[in-house]
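Peer 1: Mind folding the following:
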Amino acid sequence: MLHAIITFAAEEADEETSKTLFYVCGGLLAVWAVVVSAIGIRAHETFPPTQSAARGVIAISAVLVVLAMASAVITG
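Peer 2: Here you go, the predicted structure:
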């Protein structure tokens, strides 16, 4: 029984996928968060300037979050 578990673990360790996609998507999301927060802090009274700009920021944020989550599942 123990031998089977060790053999299975060794086989799984050999088949580990590259996590580069997740690192790229997560990094983009982190950079986006820092940029949006910096702009928001600097221009907190007027950021975002219009309703459509607010929707754009929300849409970009949502897409980046979904990409990061999906890449985590795919590469995980």
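
Peer 1: For the chain, which residue occupies the most central location?
Peer 2: A centroid search over the chain (CA atoms, centre = their mean) returns A68, at 2.6 Å, as the residue closest to the centre.

Peer 1: how close does T75 sit to V36?
Peer 2: 25 Å (CB to CB, to the nearest Å). Every residue, glycine included, has its C-beta placed from N, CA and C.

Peer 1: residue ranges for the helices of this protein, please.
Peer 2: For the chain, the helices defined by DSSP state H cover 2-14, 20-42, 51-75.

Peer 1: ranking those by mean pLDDT, which is last?
Peer 2: Note on the helices of the chain: helix 2-14 shows the lowest mean pLDDT, a mean of 62.

Peer 1: I'd like to know how many residues surround F22.
Peer 2: As a burial measure, F22 scores 20 neighbours (other CB atoms under 10 Å).
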